[in-house]
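*Asks:* Give the three-dimensional model of this entry:
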Amino acid sequence: MFLIRTLHKWVGLILGLQFILWSFSGAMMALLDTDKVSGATSVREPAAVAIPGTVLPLGQVTERIGQPITSLRLKPLGSAYVYQAATPTGVRLIDAVTGAPVAIDAGRASALATAAFSGAQAIASVRRVTEGDVETRKLPLPLWRVEFADPEKTTLLLSEATGEVLERRTDTWRLWDVVWMIHIMDYTKRESFNHPLIITVATGILWLAISGLILLFRAFRPSDFSYVTEPVARTRAAIASRRR
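*Replies:* You can find the predicted model right below:
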């Protein structure tokens, strides 16, 4: 029993610190502005682009792509229309009128990001990302990271293949991501709440509850309940004497 009591005390202290972290991170996630976290207000609907009167016929599109096409889409990209063709080797873009290849380079990515950004601030940096990090996790690489000089340091992540805005990041999101990491205890990928560390902590909490019940029952003596048992006993004795 001494061992259980000692372990219960120290395990309770360690897990108590984790409970404080859970309470803090949960409160922070609830208090942060969800619109700033998602970056929903940092982008705007793209301006309408008139469909050109004449576009490249499908036969010529196939010739220009030069590979089997599994799907084809005519879509606006910036101020023009392009054909977006999915092929076995990846996505290809060509101008819908001239058939010229369209590449999403730094200049085009900057222009697309500026058109999508709802603020008036200038671009602070443009960087091609080829290796995943906490901001680009689960996003297809490579992509373009365009950061603006606004107070939130809004960052738009654009696909290098299609030019589409894949995700938005802000300083509020970055703070939320840190407290999310603390809350789910995934200190590497920040994705899973079903990993060995949190399972170990959950097992420790279960053991803490069971050991606490054992210590609770061991801590009480029959005399501790005398204020309940004695009146009951007297009542029973009085009822028995009346029956006699």
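*Asks:* hey, where'd the helices end up in this protein?
*Replies:* Counting by DSSP state H, one finds helices in the chain at the ranges 2-31, 34-38, 58-65, 106-116, 171-184, 196-219, 226-243.
*Asks:* Format these as JSON lines; extra columns: distance to Trp144.
*Replies:* Backbone N, C-alpha and C define where each C-beta goes, glycine included. Below are those laid out as JSON lines (distance: least, C-beta to C-beta, whole Å):
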{"stretch": "helix 2-31", "distance to Trp144": "29"}
{"stretch": "helix 34-38", "distance to Trp144": "20"}
{"stretch": "helix 58-65", "distance to Trp144": "23"}
{"stretch": "helix 106-116", "distance to Trp144": "4"}
{"stretch": "helix 171-184", "distance to Trp144": "18"}
{"stretch": "helix 196-219", "distance to Trp144": "34"}
{"stretch": "helix 226-243", "distance to Trp144": "73"}
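*Asks:* Look up how far Asp133 lies from the residue lying closest to Gln60 once chain neighbours are set aside.
*Replies:* Ranked by C-beta to C-beta, 6 or more residues apart in numbering and with sequence neighbours excluded, the top spatial neighbour of Gln60 is Gly99, at 6.2 Å. As defined by C-beta to C-beta, to the nearest Å, Gly99 lies at a distance of 37 Å from Asp133.
*Asks:* quick one: which of those two has more around it?
*Replies:* Between Gly99 and Asp133, counted using other C-beta atoms under 10 Å, the more crowded position is Gly99 (17 against 8).
*Asks:* what's the weakest-modelled helix or strand in this protein?
*Replies:* Sorted by mean pLDDT, DSSP states H and E, the helices and strands of the chain end with helix 226-243, the least confident at a mean of 68.
*Asks:* can the helices of the chain go into a markdown table with extra columns for distance to Arg190 and mean neighbour count?
*Replies:* Converted to a markdown table, the helices of the chain look like this (distance: least, C-beta to C-beta, whole Å; neighbours: other C-beta atoms under 10 Å):
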| stretch | distance to Arg190 | mean neighbour count |
| --- | --- | --- |
| helix 2-31 | 12 | 12 |
| helix 34-38 | 14 | 15 |
| helix 58-65 | 38 | 14 |
| helix 106-116 | 25 | 17 |
| helix 171-184 | 5 | 17 |
| helix 196-219 | 13 | 12 |
| helix 226-243 | 52 | 9 |
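*Asks:* Any idea which of these gets closest to Pro88?
*Replies:* Closest approach to Pro88 among the helices of the chain is made by helix 58-65 (11.1 Å; C-beta to C-beta).
*Asks:* what's the average pLDDT for that closest one?
*Replies:* Averaged across helix 58-65, the pLDDT comes to 92.
*Asks:* I'd like the distance from that helix to the chain centre, please.
*Replies:* A distance of 40 Å separates the centroid of the chain from that of helix 58-65, by C-alpha atoms, centre = their mean, to the nearest Å.
*Asks:* thinking again about what came up before, out of the helices of the chain, which comes closest to Val49?
*Replies:* helix 106-116 (10.5 Å).
*Asks:* All set, thanks.
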